[in-house]
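*Asks:* Generate a structure from the sequence data that follows.
(4 chains)
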There are 4 protein chains.
Amino acid sequence: MAGNTFGKVFRVTTFGESHGAAVGVIVDGCPSGVPFDTDFIASELQRRRPGQSKVTTARKEPEEPVILSGVFEGITTGTPIAVMVYNKDNRSQDYSNLKDIFRPSHADYTYRAKYGHRDYRGGGRASARETLARVIAGAIAKMVLRQASINIIAYTHSIGDISVKELDNNSLLASTIESNIVRCPDSTTAKAMEDAILEVKAVGDTLGGIVRCHVQGVPPGLGEPVFDKLHAALGSAVLSIPACKGFEIGAGFESCRMKGSQMNDLFDVDRGQVTTRSNFSGGVQGGISNGQDIVFSAAFKPVSTIIQEQETIDTSFQKTSYTPQGRHDPCVVPRAVPIVEAMAAIVICDYWLLSRVSKL
Amino acid sequence: MAGNTFGKVFRVTTFGESHGAAVGVIVDGCPSGVPFDTDFIASELQRRRPGQSKVTTARKEPEEPVILSGVFEGITTGTPIAVMVYNKDNRSQDYSNLKDIFRPSHADYTYRAKYGHRDYRGGGRASARETLARVIAGAIAKMVLRQASINIIAYTHSIGDISVKELDNNSLLASTIESNIVRCPDSTTAKAMEDAILEVKAVGDTLGGIVRCHVQGVPPGLGEPVFDKLHAALGSAVLSIPACKGFEIGAGFESCRMKGSQMNDLFDVDRGQVTTRSNFSGGVQGGISNGQDIVFSAAFKPVSTIIQEQETIDTSFQKTSYTPQGRHDPCVVPRAVPIVEAMAAIVICDYWLLSRVSKL
Amino acid sequence: MAGNTFGKVFRVTTFGESHGAAVGVIVDGCPSGVPFDTDFIASELQRRRPGQSKVTTARKEPEEPVILSGVFEGITTGTPIAVMVYNKDNRSQDYSNLKDIFRPSHADYTYRAKYGHRDYRGGGRASARETLARVIAGAIAKMVLRQASINIIAYTHSIGDISVKELDNNSLLASTIESNIVRCPDSTTAKAMEDAILEVKAVGDTLGGIVRCHVQGVPPGLGEPVFDKLHAALGSAVLSIPACKGFEIGAGFESCRMKGSQMNDLFDVDRGQVTTRSNFSGGVQGGISNGQDIVFSAAFKPVSTIIQEQETIDTSFQKTSYTPQGRHDPCVVPRAVPIVEAMAAIVICDYWLLSRVSKL
Amino acid sequence: MAGNTFGKVFRVTTFGESHGAAVGVIVDGCPSGVPFDTDFIASELQRRRPGQSKVTTARKEPEEPVILSGVFEGITTGTPIAVMVYNKDNRSQDYSNLKDIFRPSHADYTYRAKYGHRDYRGGGRASARETLARVIAGAIAKMVLRQASINIIAYTHSIGDISVKELDNNSLLASTIESNIVRCPDSTTAKAMEDAILEVKAVGDTLGGIVRCHVQGVPPGLGEPVFDKLHAALGSAVLSIPACKGFEIGAGFESCRMKGSQMNDLFDVDRGQVTTRSNFSGGVQGGISNGQDIVFSAAFKPVSTIIQEQETIDTSFQKTSYTPQGRHDPCVVPRAVPIVEAMAAIVICDYWLLSRVSKL
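*Replies:* Residues are numbered from 1 along each chain as shown, chains lettered A, B, ... in the order given. Next comes the predicted model:
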């Protein structure tokens, strides 16, 4: 089973290569009756698109979503929703130098090993351009979740060595997060992050960082143990984003340093609702949501394309060197924020629908 | 789709509750022609079983694997392999006090929220006893991988604040790792870990830690982008293990603090084989194995059951308190080592089989 | 993906060989809260078991269902339900003559071609004994459907040249159908069928026939176009029963000889409910149930094991001859009736659950 | 799981409504390295398209396949292949009269029951226009099968009461079958079929018929018992084609009237290859191909749209009457021939790939 479909009942299939005719997505299993908001898709794509600020690549790639099916008179019909983004700025010439080379820490070599024949232009299928299809699907998932009052919000938690410390009440507002180009809710930290990115950019180098995501309003009961636990599905979804190297839920790796007596989230009752006094679990216990905010983090490595000469090998396994040209992201984290939200939205929508069949 | 099956072509289904009649596993899609080694299953179960040392629970639960199908004359037939472990020590009385209570940071409340009706005895389906079924399936996967000269080895990398520092050449040998009760390849660190566990155990508290796993001998080309990338599948598999709160591949979260120029794994050629000079990628690039060792880590939280009185609520949402009785693990990490190996084996076996259909 | 699991959300996995230790089934995705009726499973197994009458094989195979998981205090918990039937009458010696031979129109050769290594005893995995696992899963599905007032009833429609003609109001009652050993609702026809079977049995030959099945009380809206139409799922389920060679819904093959003006089922309204004046569609239009009875037929070939000498080949591809020994069914149709019901129940239960996620 | 994807490793997803912007297909899991033949897709579409002869609808719908991804330099890359057919002749006005009515034996009512909101124009998703996506996927599957020397050929076996009797050696040649507009390999019978269709067309009525399909060159060993037997998958695939009401393999329903001694296919050996003296099994035994031709038949009902006034109900459940306008097929069988081939190709390609993982 090739891996271009994600989800159990809300099933997302993406296709398209960086320099092909289009990148697109099919969502099969979106319930009928959902008010469809094409403008929202466009605005979500704006958050992901290259060229949005000086901390991202300067490439301009117009991304207009075209709805081909599954929506009628502004409402979903329950049939597959197909959305395309046609590639308008097809510059294959830029990439002919990639034909015979394996770029370090890129997927050139592994695609060659797996498939033999590959589209080398701009990374082909492995290009991060594929993530626009995820953002579209995530936007559709958010339209469904809106009906359930479930909200998803992510932000840049760290860039290189710089991390957000304290978060106040306004931190998890879109207006706060979107108020700066690195998508960090603390403006002082944001400025430091921006400077750090520009500093490495000046020497052709790159940085990584951490995106943190909160899912608010999730009812208790979502998750499909024992293998498809809610956080396992979130982990799988997020780890599949290009450049993601780690995932943790709640206290995550930090929990390894805690004792049980510190980490346990004691139950409480607030106006008839079960709550917990702390949320080190990140909203998931035994693989099932417990009604608290779901909180997880994703680690993104520094971008592999650095504007420096590097030794490497060619497709004949001979040593050579490679210096990239063109425009590249010095740090993907700010653009990864909406992608992480999208993957979270797809998982939560899927499991919210699935929860309808758990009980008689 | 309920989540008790894992895998694409090598499909593992587990069933059974802690205090039910049996815990078992069906492996559907194991190729025919694999020499079957029941003793190996038994020895893998020994590594997971409770009561194996003073750092684990003192419970004794005999675990004899019974093969019901799929094997004929010592060779797999390609039909489903069913393996049962019957529960012999059925002590439901011990758990009647759990009927009306939600233990902190356990799955009692979330199972209730999801399913309404639940088997509360010993955690029911959410009990770690389910992991014996994973170990059995993992042992079968290892039998397949043995034919492909792929080897999987995990060890305890940290317990609480104590971590392994340097690893020498013998570290990744089973004999080294199994030479102490915490399964840490460095004997000095192992002793410190053991002491740390016994120290918290003495006060009824618990510790967490990190398991690191190496997969050796993986050919390049395993992985199913864009969603079912090899590390995404590994992440999903490992995160589904009870108490696992985080997963990272290669440099993982540490990569967030590196620059691209530090992190890139430069390609090299060694006797006609592609290699990399470093392995910060953890053996996976673009979601596909690159032929280097696959290296990942899993974070395990401290055990939720502490032998201390804790405030909590009952099933009527009234406040109460709870003090566990009986025998419990002060730290799951040593027993998690074979479970992590098992889940890795299942994923790698699955993707190794899948790789046969990628190319014409 | 090996094919021993059926269903989308109500997922049935069977395992076990004819002469192995057990045949069993796991049902994953049965909702929690379903009253569980073990006696009903036993009574359904009685309808399938060999040795029940003179028109079936004389073999006696005690079939006691043992519930291992998924049920607590008589109610399903939403976790996997495992049910075993252990083989008590293990007579492998009887079958050693099958080791080196390919029986005509059996699966001996094709299993050898596919898997290389096979369990030849009594047909191994290809034995109709596997169908007891289907009957168990079907009984569980019926327990769910009982809660939705959906009823399934099948009967023998033809044996060889002898068919039921007219059906009166009592035909679709279990008491009518079970009143004779061929499970034909018309007693006169039943007697003729019985005689026909005994006639071929006397000369070691076999007969086939048709099972017809009605599903009553199905709400409109079940079915998952465009590929998983309700009748396509029913077809797949029924065609997977051993010896089944054909499936038709509603007027089926007869519809090829009708004109559109004859075949169209005109809509009507009866007390606010949509009905149709005829039911040539068999209750399914566009792949979705329309609220009328679902009516389909399944064709079963004559049993391949005839008690006559037949030319064949051995596993070295040399010509030889073969005369079966032991006790065999002269006609599977009476025993196929509960199996057809079981497969229909599994499909309808699955699609009934799925229909909960179609609409917002 | 919504049902718009078919296949296990060769996965076909279709989307699009009759009067939407496009109908398209994604094939995920096509191996890399397959020479891609866009002209062949176009020629297969020609065989399905409306307006091809006087026995089909007179509608002209240009159908130009546009390849968006998955093919590079004329060779498949192993990534998802997306193919679109944009709708150029958008005549929604023609269908506004369908908004408030349920046409007899169409899917109008059942889609309404399932989804609530529906695209009523031209049948929306339930339109046979969706089958062009199947034909495209089938053409891609045929490109793969060509590499394995597997050939698929279908023909019209009956229309109404008129059936092909004897078939000579040339019957299974494309040139023979395509030499007449009904796609019947016997020219005399073809003429009678054509006359029969024109006769009912003259009075606004419609006819059904049977398509028979042969798959040649299939190696032994394809099929995934016990549920996903090869003929069960073929049955499911074929029954999902609009208007298909029945499926049979080999002797099918006729086998119910045969005795075991007549029906058994005796094995023989021809130049070291296992063969059978007859092929009543239709090339499948125990759900696995035996190396003989796979032969199956599909029953198609008469088209529901008759150009006659019919009583029906409207969406308010009030009685009304309906007389279709526009251009409709008097008989779908000739156009169903390439669709049946397509679905067979998809299944055989899928199972041929799957067979690579059966054995060690």
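*Asks:* is A:V215 in a bridge, and if so with what?
*Replies:* Beta-bridge partners recorded for A:V215 (DSSP bridges): A:I152, A:I294.
*Asks:* need the helices for the stretch 201-350 of chain A, in chain order.
*Replies:* According to DSSP state H, counting those that start in this stretch, the stretch 201-350 of chain A carries its helices in the segments A:230-239, A:260-263, A:333-354.
*Asks:* most packed of these?
*Replies:* With neighbours defined as mean count of other C-beta atoms under 10 Å in any protein chain shown, these peak in mean count at helix A:230-239, which reaches a mean of 29. Every residue, glycine included, has its C-beta placed from N, CA and C.
*Asks:* Now find how far off-centre that one is within its chain.
*Replies:* Relative to the mean C-alpha coordinate of its chain, helix A:230-239 is positioned 11 Å out (C-alpha atoms, centre = their mean, to the nearest Å).
*Asks:* quick one: A:R103 and A:E311 touch, right?
*Replies:* No: in this structure A:R103 lies outside contact range of A:E311 using C-beta atoms under 8 Å: 11.4 Å.
*Asks:* Now do the shared contacts for those two.
*Replies:* When contacts are counted by C-beta atoms under 8 Å, 6 or more residues apart in numbering or on different chains, the set common to A:R103 and A:E311 consists of A:Y322.
*Asks:* more crowded one of those two?
*Replies:* In this view A:R103 and A:E311 are compared by other C-beta atoms under 10 Å in any protein chain shown, and A:R103 has more residues nearby, 20 against 13.
*Asks:* wait, what's in contact with that one?
*Replies:* Contact partners of A:R103, counting by C-beta under 8 Å, 6+ apart, are A:S304, A:T305, A:T312, A:Y322, A:P324.
*Asks:* if we go to 7 Å?
*Replies:* If a contact means C-beta atoms under 7 Å, 6 or more residues apart in numbering or on different chains, then A:R103 has A:S304, A:T312, A:Y322 as its contacts.
*Asks:* Neighbours of the closest residue to the first one other than its chain neighbours, how many?
*Replies:* Using C-beta to C-beta, 6 or more residues apart in numbering or on different chains and skipping the chain neighbours, the partner closest in space to A:S304 is A:S105 (4.0 Å). The number of residues packed near A:S105 is 30, by other C-beta under 10 Å.
*Asks:* my guess is A:S105 contacts B:L266, does it?
*Replies:* No: counting by C-beta atoms under 7 Å, A:S105 does not reach B:L266; the two are 8.4 Å apart.
*Asks:* hey, what's in contact with both of those two?
*Replies:* With C-beta under 7 Å, 6+ apart, A:S105 and B:L266 have no common neighbours.
*Asks:* Near the closest residue to A:P225 other than its chain neighbours, how many other residues are there?
*Replies:* Excluding its sequence neighbours, the residue lying closest to A:P225 (C-beta to C-beta, 6+ apart) is A:G287, at 4.3 Å. Applying the criterion other C-beta under 10 Å, we find 26 residues in the vicinity of A:G287.
*Asks:* Need the pLDDT of A:G287.
*Replies:* Looking at A:G287, its pLDDT is 98.
*Asks:* quick one, phi psi at it?
*Replies:* phi 90, psi 10 (degrees, to the nearest 10).
*Asks:* what residues are up against the residue nearest to A:S304?
*Replies:* A:S304, B:M263, B:N264, B:D265, B:S281, B:Q285.
*Asks:* taking these as a set, which two sit the farthest apart in space?
*Replies:* Using C-beta to C-beta, the pair of those lying farthest apart is B:M263 and B:Q285, separated by 11.8 Å.
*Asks:* What is whichever strand or helix holds A:I41 packed up against?
*Replies:* Taking DSSP states H and E as the definition, one finds A:I41 inside helix A:38-48. Counting by 3 or more C-beta pairs under 7 Å, 6 or more residues apart in numbering or on different chains; DSSP states H and E, the packing neighbours recorded for helix A:38-48 are helix A:131-147, helix A:333-354.
*Asks:* Run the angle between that helix and helix A:333-354 for me.
*Replies:* Relative orientation of helix A:38-48 versus helix A:333-354 (axes from the mean of the first three to the mean of the last three C-alpha atoms, to 10 degrees): 140 degrees.
*Asks:* What's the local residue count around the residue lying closest to A:T14 once chain neighbours are set aside?
*Replies:* Taking C-beta to C-beta, 6+ apart as the measure, A:T14 lies nearest to A:A133, with 3.8 Å between them; neighbours along the chain are not counted. Residues contacting A:A133 under the criterion other C-beta under 10 Å number 27.
*Asks:* Would you pull up the residue in the stretch 101-250 of chain A closest to chain C?
*Replies:* Closest approach of the stretch 101-250 of chain A to chain C (C-beta to the nearest C-beta) occurs at A:Q147, with a separation of 6.0 Å.
*Asks:* And the pLDDT for that residue?
*Replies:* Here the pLDDT value assigned to A:Q147 is 96.
*Asks:* how close does it get to B:A22?
*Replies:* 42 Å (C-beta to C-beta, to the nearest Å).
*Asks:* Between those two, which has more neighbouring residues?
*Replies:* The neighbour count for A:Q147 versus B:A22, taken as other C-beta under 10 Å, is higher for B:A22 (19 against 13).
*Asks:* ok, now which ones touch that one?
*Replies:* For B:A22, the contacting residues are B:G16, B:M84, B:V85, B:Y86, B:N87, C:L68, by C-beta under 7 Å, 6+ apart.
*Asks:* Quick check, pLDDT for it.
*Replies:* 97.
*Asks:* same check, this time on the one 4 residues further on
*Replies:* The predicted local distance difference test score for B:I26 is 98.
*Asks:* Pretty sure it sits against B:P80.
*Replies:* Yes: taking contact to mean C-beta under 7 Å, the distance of 5.2 Å between B:I26 and B:P80 places them in contact.
*Asks:* Now the common contact residues for the two.
*Replies:* C:F15.
*Asks:* okay, the two: which has more neighbours?
*Replies:* For B:I26 against B:P80, the residue with the higher neighbour count under other C-beta under 10 Å is B:I26, and the figures read 32 against 28.
*Asks:* Spatially, what comes nearest to that one if we skip its sequence neighbours?
*Replies:* In this structure, B:I26 finds its nearest non-sequential neighbour in B:T13, 4.5 Å apart by C-beta to C-beta, 6+ apart.
*Asks:* my read: that neighbour touches B:G7, true?
*Replies:* No: taking C-beta under 7 Å as the definition, B:T13 is not a contact partner of B:G7, at 9.1 Å.
*Asks:* could you check whether the helix or strand following the helix holding A:I41 is close to chain D?
*Replies:* The C-terminal neighbour of helix A:38-48 among helices and strands, as given by DSSP H and E, is strand A:66-69. Yes: legend: contact between strand A:66-69 and chain D by C-beta under 7 Å from any C-beta of the partner chain is shown at A:L68, A:S69.
*Asks:* Need the contact partners of the helix or strand just after strand A:66-69.
*Replies:* Taking DSSP H and E as the definition, the helix or strand that follows strand A:66-69 towards the C-terminus is strand A:71-72. Identification of contacts with strand A:71-72 by C-beta under 7 Å, 6+ apart yields A:F36, A:T77, A:I81, D:H117, D:D119.
*Asks:* Whatever helix or strand comes next after strand A:71-72 near chain D anywhere?
*Replies:* The first helix or strand that comes after strand A:71-72 along the chain, using DSSP H and E, is strand A:75-76. Yes: in this structure, strand A:75-76 sits against chain D according to C-beta under 7 Å from any C-beta; the contacting residues are A:I75.
*Asks:* got any ranges where the stretch 1-150 of chain A has weak pLDDT?
*Replies:* Using pLDDT under 70 as the threshold, the predicted model of the stretch 1-150 of chain A has low-confidence ranges A:61, A:89-94.
*Asks:* In space, what's closest to A:Q46 - neighbours in sequence excluded?
*Replies:* A:Q52 (7.2 Å).
*Asks:* which residues touch A:G16?
*Replies:* With contacts defined as C-beta under 7 Å, 6+ apart, the neighbours of A:G16 are A:A22, A:V23, A:G24, A:E130, A:A133, D:L68, D:S69, D:A82.
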